[in-house]
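*Asks:* What would the 3D arrangement of this be:
(one chain, ligands or ions: 1)
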Amino acid sequence: MALVCETERLRLDQLTEGDAAFALQLLNEPSYIRNIGDKCVRTLEQARAYLVDGPMASYTRHGFGLNRVALKDSGAVVGMCGLLRRDGMQDVEIGYAFLPEFWSQGYAGEAVAGVLRTAVCQHGLQRVIAVVNPSNAESKRLLEKLGFVLAGDVVLPGETTAIHQFAKALSPVLRLSAEHVDAYRALMLQAYDQHPDAFTSSHAERAALPMAWWLARMGASGSNAHEMAFGAFHNGQLAGVAGLSLETRERVRHKATLFGMFVPQQHRQLGLGRQLVQAVLDYARSPVGVRQVVLTVTQGNTSAERLYAGCGFRVFGVEPDAVALGTGFVSKVHMWCPLEGEHTLQRP
Ligand SMILES: CC(C)(COP(=O)(O)OP(=O)(O)OC[C@H]1O[C@@H](n2cnc3c(N)ncnc32)[C@H](O)[C@@H]1OP(=O)(O)O)[C@@H](O)C(=O)NCCC(=O)NCCS
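*Replies:* Below you'll find the model as predicted:
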């Protein structure tokens, strides 16, 4: 079984011929035939052929396809969800179908969100569409909840009737999870190595730390994590990172710190740094309710200082000789960004 992604409650794997009985059941559900179409799969043999010629051929051809969706706790197979590239269509499409007994429990939204993450971080997609029968109100509601917008009507290749086409632009920035720990660690070690003056930690200090430390740093080792990392993806590759550390003590919970900002040379000046900072600020703003984000930047690091200033950070002081490098000391500029909105601190 090839794992595609995991979400809180679900595990998505590539389909195999062993899923023929499930495919036979799903493809003959009246709701499937009504909303998606009749694939005329009536026997186990036909279901096997559907899997081999459909999803499995797509994995080989495009690197993605419809996947099996199963509950993590019981292993029950509840539906299919994945990316499709139809001949004659420009955009990659997201497709999904679930057994009726598993509807209304948020599984479809969770599976689609998981697949959209893979669209960004594994396949480098910037936009995904979904096609929906206009009478399928549940599916339209789900897509709108997930940020898809109606982009018009389309007649699919080989069909005669027009159906709705929804589209969603995908942000290249995602909150990182355990699956990214190796790439995150590698990128941060590259940052410490190439820019010793930009970071307080040294390459040697961080290279010696165990994987558990990196997982905690990314917020991937527990549900009440107070540190987390965000990654910008370019062509399916981790191309930049930034971290956010939340305060845990009651009196300073309105503050958070942006740390570990790095975009490797080959991905610079593409706007990824700015999108990372914006994603960190958006996360801090809601639902966490942070009112100000602080950071430090080495005095003279013009590109970083300009990046932060452009994102709303203001200087509130300079700490002289803050960090000792082999060659001398560097000063740290302290910046803060008040977050607008209903949480903005009311000053007396
Ligand atoms: C600072 C850094 C993260 C910028 O990343 P990036 O992806 O190139 O940034 P963006 O393309 O989003 O640029 C956003 C803004 O940053 C500033 N900026 C980026 N590169 C710059 C450069 N070479 N010179 C001056 N300003 C620059 C500009 O204000 C730019 O906005 P503009 O394009 O409208 O002028 C990247 O250069 C880096 O990783 N540097 C080394 C590590 C580091 O210094 N980290 C910060 C530690 S505090």
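*Asks:* Around the ligand, which positions in the stretch 101-250 of the chain sit nearby?
*Replies:* Selection of the stretch 101-250 of the chain residues close to the ligand by CB under 6 Å from any ligand atom yields Ala191, His195, Ala198, Gly240. Just so you know, the C-beta spots here come from the backbone N, C-alpha and C atoms, and that holds for glycine as well.
*Asks:* so which strand or helix has the last one?
*Replies:* Just to be clear, that refers to Gly240. strand 237-246 (DSSP states H and E).
*Asks:* list the helices and strands the next helix or strand along the chain from that strand packs on?
*Replies:* For strand 237-246, the following helix or strand on the C-terminal side (DSSP H and E) is strand 255-262. Judged by 3 or more CB pairs under 8 Å, 6 or more residues apart in numbering; DSSP states H and E, the packing partners of strand 255-262 are helix 181-194, strand 237-246, helix 272-285, strand 292-298.
*Asks:* Can you give me the neighbour number for Leu84?
*Replies:* Neighbour count for Leu84, taken as other CB atoms under 10 Å: 20.
*Asks:* Check what pLDDT it gets.
*Replies:* Here, the pLDDT recorded for Leu84 equals 97.
*Asks:* Kindly report the same for Gln190.
*Replies:* For Gln190, the model assigns a pLDDT of 98.
*Asks:* how much space between the residue of the chain found nearest the ligand and Asp73?
*Replies:* The ligand sits closest to Gly273 of the chain, with a gap of 2.6 Å, by CB to the nearest ligand atom. Distance from Gly273 to Asp73, counting by CB to CB, to the nearest Å: 40 Å.
*Asks:* between those two, which one's more packed in?
*Replies:* Gly273 (24 against 9).
*Asks:* For that one, give me its contacts.
*Replies:* By CB atoms under 8 Å, 6 or more residues apart in numbering, the contact set of Gly273 is Ala232, Gly240, Met261, Val263, Leu307.
*Asks:* so the first one sits in a helix?
*Replies:* Spelled out, that is Ala232. No - with DSSP: H, G, I helix; E, B strand; the rest coil as the criterion, Ala232 is strand rather than part of a helix.
*Asks:* Confirm for me that it is in contact with Val173.
*Replies:* Yes - using CB atoms under 8 Å, Ala232 makes contact with Val173 at a distance of 5.0 Å.
*Asks:* overlap in contacts of these two?
*Replies:* Common neighbours of Ala232 and Val173, counting by CB under 8 Å, 6+ apart, are Leu272, Gln275, Leu276.
*Asks:* wouldn't the second one be in contact with Leu174 here?
*Replies:* Which is Gln275. No - between Gln275 and Leu174 there is no contact under CB under 8 Å: 10.8 Å.
*Asks:* what about Val41, which SS state?
*Replies:* Val41 - assigned by three-state DSSP - is coil.
*Asks:* Could you check how far it is from Gly18?
*Replies:* 16 Å.
*Asks:* Name the residue in these two with the higher neighbour count.
*Replies:* Val41 (20 against 11).
*Asks:* That one: what's it in contact with?
*Replies:* Ala23, Leu24, Leu27, Asn28, Ala47, Tyr50.
*Asks:* Including distance to Phe313, pLDDT and neighbour count, could these go into a markdown table?
*Replies:* Below are the contacts of Val41 laid out as a markdown table (distance: CB to CB, whole Å; pLDDT from 0 to 100; neighbours: other CB atoms under 10 Å):
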| residue | distance to Phe313 | pLDDT | neighbour count |
| --- | --- | --- | --- |
| Ala23 | 53 | 98 | 25 |
| Leu24 | 57 | 98 | 18 |
| Leu27 | 54 | 98 | 21 |
| Asn28 | 57 | 98 | 15 |
| Ala47 | 57 | 98 | 23 |
| Tyr50 | 54 | 98 | 19 |
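*Asks:* Between which two of these is the distance greatest?
*Replies:* Greatest spacing in these, by CB to CB: Asn28 and Tyr50 (11.4 Å).
*Asks:* Pull up the gap between Leu44 and Leu99, please.
*Replies:* 17 Å.
*Asks:* These two: who's more crowded?
*Replies:* Leu99 (19 against 13).
*Asks:* Give me the neighbour count for the closest residue to Gln275 other than its chain neighbours.
*Replies:* Spatial nearest neighbour of Gln275, excluding adjacent residues (CB to CB, 6 or more residues apart in numbering): Val173 at 5.1 Å. Residues lying near Val173 (other CB under 10 Å) number 23.
*Asks:* Correct me if wrong: Val173 contacts Ala279.
*Replies:* Yes - counting by CB under 8 Å, Val173 touches Ala279, with 4.1 Å between them.
*Asks:* residues shared between the contacts of these two?
*Replies:* Shared contacts of Val173 and Ala279 (CB under 8 Å, 6+ apart): Phe230.
*Asks:* Give the buried residues for the helix or strand Ala304 falls within.
*Replies:* Per DSSP H and E, Ala304 falls inside helix 302-310. The neighbour-count check on helix 302-310 (16 or more other CB atoms under 10 Å) flags Ala304, Glu305, Leu307, Tyr308 as buried.
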